[in-house]
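Q: Can you look at this prediction? I've put the sequence above it.
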Amino acid sequence: MTTVALRRAGDRGWLLEVDDNAAALLVARGLRDELPELVDVVPGHQTVLAIGEAASDALRRAAERALANVPAPAETTSVEIPVRYDGADLAEVARLTGLDTAEVVERHVAPTYVVAFLGFAPGFAYLLGGDPALMVPRLAEPRERVPAGSVAVAGPYSGVYPRDSPGGWRLLGRTELTLFAAGRRPPALLAPGSRVRFLPL
Amino acid sequence: MLDAGPLTTFQDLGRPGLAHLGVPPSGAVDSAALALGNRLVGNRPGATALEATLAGPRLHFHGEHLVALTGAAVALGTNVVVRVGAGEVLDVGPCRSGARVYVCVAGGFAVEPVLGSSSTDLLTGLGPVPLRGGDLLSVGSPPAEPPRAQASTPPPRPTALRLWPGPRDDRLTAAARETLYTTRWRVTPAANRIGIRLDGPVLELARLDELLSEGVVTGALQVPPSGHPILLLNDHPTTGGYPVVGVVDSHDLPLAGQLRPGDTVSFRP
């Protein structure tokens, strides 16, 4: 039995708490489809923030319907991201996980990831579904500059930095793909719910 | 633009609707002043204007223009309309009270939009770079209809912002929930379009573990582990892991956008 708890986020927002990220993605899609009066629908790790003029019971009903229905066959995008695995932290991640660097790469490219939510920067996607053996903590001291296209891991997440920015995740490699371009439609390569595979170069 | 002052940017109504892609809402932090200024010169409410922080720009006009100054009080007054002639210089000067003055011109400033908005987003760098002395600004065609709105002295600013408890007020101790509403908070120098750090008693968190990242709204009052709250404004990150213990009512956000370092602010339920 899945549950939805509503928490107020000001006069025009509600935070819907659900059991896991799969539920958050379903609820976010349901709210978008059913309640066009919402200005923003923002999934988090296991929440959905709804901003706009919608009543809490309408939100609850739409969320519960989204969770009750058998999800339609995934109309999600699949994205393949070619990666050169030569990141500055590859050796350190191998040491922390007790693997060798080749095994780290193997385990990083094996799964199909899901975009759990975006944040931190335009186009920065938090990917779930990775190998638990690759769970490593963030750097104690974030780098001042992580180059655009860096493929990195931290905690349960993998991610790709869309542009040069500070960052505390551990760098495994780099892609040439453009994750975010304001002039492109859609601007972000990855959206909530997108499926992602990393391809080693 | 002869001189841009400490920080002058183009702003309109921002980029709502893209938060799920990590794009902040941005836009004028005193949206009421933007709308009023545009009405005073006959523009639509969201036309592109200049948002100047703590001091206004000095502008040399090449043609005749109808200009409104709204938001913070400046030497010329508050909510004033001036007609400037070709060759004239408008020196807006320092903000006497309030943090941000808006310069609206009939026809609006003509700026190439990025993701549907001409707003400068200081967090992500989306939109035009902040203005500098020497920049040449283009103005759109003035509206055919003369403006109907009349300038008037603004009502005195309320001293307390309405703050809705939640979504994570249960992360505060009972004493801290009380302190939140009974304290006069001081605005620190760490105040910009992204957020305002407030100084006052430490708000004690009942739990120190970070939340899983979740979406945050403009006006969210975040409490990091230090216990010193941060009020998030329009260029805020779209998700975060610090508990949001209250949210400023959207009608009071324009007031929050006028807070300047040294000001005090309190919250009412």
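A: Good, I have the coordinates.

Q: CA only for contacts and neighbour counts going forward, please
A: Will do.

Q: in what helix or strand does the residue nearest to B:Phe10 when sequence neighbours are not counted lie?
A: Nearest non-adjacent residue to B:Phe10, counting by Cα to Cα, 6 or more residues apart in numbering or on different chains: B:Leu50, 4.7 Å away. For B:Leu50, the host element (DSSP states H and E) is strand B:49-53.

Q: related to what we said a few turns ago, can you name the residues that contact the residue nearest to B:Phe10?
A: By Cα atoms under 8 Å, 6 or more residues apart in numbering or on different chains, the residues touching B:Leu50 are B:8-11, B:102-104.

Q: Among these, which are located in strands?
A: Residues of those located in strands (DSSP state E): B:8-11, B:102-104.

Q: Now render the residues you listed as a markdown table, adding pLDDT.
A: Shown next, in a markdown table, are the ones in strands among the contacts of B:Leu50 (pLDDT from 0 to 100):
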| residue | pLDDT |
| --- | --- |
| B:Thr8 | 98 |
| B:Thr9 | 98 |
| B:Phe10 | 98 |
| B:Gln11 | 98 |
| B:Tyr102 | 98 |
| B:Val103 | 98 |
| B:Cys104 | 98 |
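
Q: Which of the residues you listed ranks first by neighbour count?
A: Highest neighbour count within those: B:Tyr102, with 32 neighbours (other Cα atoms under 10 Å in any protein chain shown).

Q: who does residue 114 bridge with?
A: Because you didn't say which chain, this covers chain A. Counting by DSSP bridges, A:Val114 forms beta bridges with A:Leu128, A:Arg195.

Q: you looked at the wrong chain, it should be chain B
A: On the basis of DSSP bridges, B:Val114 is bridged to B:Ser117.

Q: mind checking how far the residue nearest to B:Phe10 is from chain A?
A: Noted for B:Leu50: a distance of 22 Å to chain A, by Cα to the nearest Cα, to the nearest Å.

Q: what would the contacts of B:Leu50 look like in JSON lines with distance to A:Val93?
A: Converted to JSON lines, these look like this (distance: Cα to Cα, whole Å):
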{"residue": "B:Thr8", "distance to A:Val93": "44"}
{"residue": "B:Thr9", "distance to A:Val93": "42"}
{"residue": "B:Phe10", "distance to A:Val93": "44"}
{"residue": "B:Gln11", "distance to A:Val93": "44"}
{"residue": "B:Tyr102", "distance to A:Val93": "50"}
{"residue": "B:Val103", "distance to A:Val93": "52"}
{"residue": "B:Cys104", "distance to A:Val93": "54"}
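
Q: State the helix or strand in which the residue nearest the centre of chain A lies.
A: When Cα atoms, centre = their mean is applied to chain A, the residue found nearest the centroid is A:Tyr126 (2.6 Å). Assigned by DSSP H and E, A:Tyr126 falls within strand A:125-128.

Q: if we take the ones in strands among the contacts of B:Leu50, which one ends up nearest to A:Ala91?
A: The shortest approach to A:Ala91 among the ones in strands among the contacts of B:Leu50 belongs to B:Thr9, at 44.0 Å (Cα to Cα).

Q: Please name the bridge partners of the nearest residue to B:Leu69 once chain neighbours are set aside.
A: Using Cα to Cα, 6+ apart and skipping residues adjacent in sequence, the residue nearest B:Leu69 is B:Val103, 4.9 Å away. Counting by DSSP bridges, B:Val103 is bridged to B:Leu50, B:Leu69.

Q: you'd agree B:Val103 is up against B:Thr70?
A: Yes - using Cα atoms under 8 Å, B:Val103 is in contact with B:Thr70, at 6.9 Å.

Q: Break the chain down into its domains, please.
A: No chain was given, so I picked chain A. As recorded under automatic domain parsing, the domains making up chain A are A:5-68, A:78-200.

Q: please go with chain B instead
A: According to automatic domain parsing, the ranges for chain B are B:1-156, B:160-268.

Q: Quote the end-to-end distance of the last one.
A: Between the start and the finish of domain B:160-268 there is a gap of 6 Å, counting by Cα to Cα, to the nearest Å.

Q: does chain A sit close to that domain?
A: Yes - residues of domain B:160-268 are located near chain A by Cα under 8 Å from any Cα of the partner chain, namely B:163-168, B:212-217, B:220, B:237-240, B:246-250.

Q: how about the residues of the stretch 1-150 of chain B that lie near chain A?
A: When proximity is defined by Cα under 8 Å from any Cα, the stretch 1-150 of chain B lies next to chain A at B:16-23, B:114-115, B:124.

Q: what about the helices in chain A?
A: Using DSSP state H, the helices found in chain A span residues A:21-34, A:56-68, A:90-97, A:101-109.

Q: Identify whichever of those helices lies nearest to B:Ser97.
A: Closest to B:Ser97 of the helices of chain A is helix A:56-68 (Cα to Cα; 38.7 Å).
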